[in-house]
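Engineer: Can you look at this prediction? I've put the sequence above it.
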Number of protein chains: 2
Amino acid sequence: MQAINLAEKLATFGECWQPRTVGQFNGHDLMVVKVKGEFVWHKHDETDDFFFVLEGKVTIQMREGNVALGPGEIFVVPKGVEHCPFAEEEAHLLLIEPQGTPNTGNKATAEPRRVI
Amino acid sequence: MQAINLAEKLATFGECWQPRTVGQFNGHDLMVVKVKGEFVWHKHDETDDFFFVLEGKVTIQMREGNVALGPGEIFVVPKGVEHCPFAEEEAHLLLIEPQGTPNTGNKATAEPRRVI
């Protein structure tokens, strides 16, 4: 049992939009991810989507309006709500999702689960 | 729908060991808390216990050994494991627990749910 240092985990990879699982909590994966540019519009019908900005700025685009996030800010996209994250410059996030949740909302296009 | 700024939430209160609920996620409360000194030894039989240090240093004491945490570090106490958080100086944490989880592991001694 040891601490999970998020900066150390983030330093081990460079690719954007490829979440790494760094721990587990109540059936959820704790993940770090680097993002830059625009992701894809998607939704999760069965789960809320937790975003916590560790570094940089991220905009969660939604059909009803956008939410801008900076370091130390959290946003939870309610289940069923279409969204598309966007970052003009590289940003780093903590994500929490139930294990097995496809990051694109679609198992066919989702990134694989990568544990580090 | 708006961002949850943890520093702004933490600035609204001063008491230690009194978590404030700042959001919800998949049946869990997202909480911020200020801590200083030693809490009580306790465990949660049905839920893991998520600690993320935002500021300061916290030691999660357990019967099998301690885990020291600084800013940007996470530790998940597995369900059923006795633990007692300790902070020599004031520290600030993000906690995530299923709604209704008593912070002391005991409804009779738990802090009430305070939403801000």
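Structural biologist: Yes, it's here. Numbering: from 1, shown residues only, chains lettered A, B, ... in the order given.

Engineer: what mean pLDDT does the longest strand seen in chain A have?
Structural biologist: When chain A is parsed with DSSP state E, its longest strand is strand A:83-98. When pLDDT is averaged along strand A:83-98, the result is 97.

Engineer: Quick check: which helices or strands does that strand pack against?
Structural biologist: Counting contacts by 3 or more Cβ pairs under 8 Å, 6 or more residues apart in numbering or on different chains; DSSP states H and E, strand A:83-98 packs against helix A:6-10, strand A:28-38, strand A:49-55, strand A:58-62. C-beta: built from backbone N, CA, C; applies to glycine.

Engineer: Tabulate these (a markdown table), appending distance to chain B.
Structural biologist: Shown next, in a markdown table, are the helices and strands packed on strand A:83-98 (distance: least, Cβ to the nearest Cβ, whole Å):
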| stretch | distance to chain B |
| --- | --- |
| helix A:6-10 | 5 |
| strand A:28-38 | 7 |
| strand A:49-55 | 5 |
| strand A:58-62 | 7 |
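
Engineer: The ones you listed: which one's closest to A:Gly80?
Structural biologist: For these, the distance to A:Gly80 is smallest for strand A:49-55, at 10.3 Å, taking Cβ to Cβ.

Engineer: Which strand or helix spans A:Asn66?
Structural biologist: In this assignment (DSSP states H and E), A:Asn66 forms part of strand A:65-69.

Engineer: Name the residues that touch that strand?
Structural biologist: Here strand A:65-69 makes contact (Cβ atoms under 8 Å, 6 or more residues apart in numbering or on different chains) with A:51, A:53, A:57-60, A:75, B:1-3.

Engineer: thinking again about what came up before, with just CA atoms, put the longest strand of chain A into CSV.
Structural biologist: Coordinates of each C-alpha in strand A:83-98 appear next as CSV, following Å, rounded to 0.1, in the frame of the first residue of the first chain:
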residue,chain,number,x,y,z
HIS,A,83,-20.0,16.3,-24.1
CYS,A,84,-16.7,16.9,-25.9
PRO,A,85,-13.6,18.0,-23.9
PHE,A,86,-11.3,20.5,-25.6
ALA,A,87,-7.9,21.9,-24.6
GLU,A,88,-6.1,24.6,-26.6
GLU,A,89,-2.8,23.7,-24.9
GLU,A,90,-1.8,20.4,-23.3
ALA,A,91,-3.6,19.8,-20.0
HIS,A,92,-3.5,17.1,-17.4
LEU,A,93,-6.6,15.5,-15.8
LEU,A,94,-7.6,13.1,-13.1
LEU,A,95,-10.6,11.0,-14.4
ILE,A,96,-12.8,8.6,-12.4
GLU,A,97,-15.0,6.2,-14.2
PRO,A,98,-16.5,2.8,-13.4
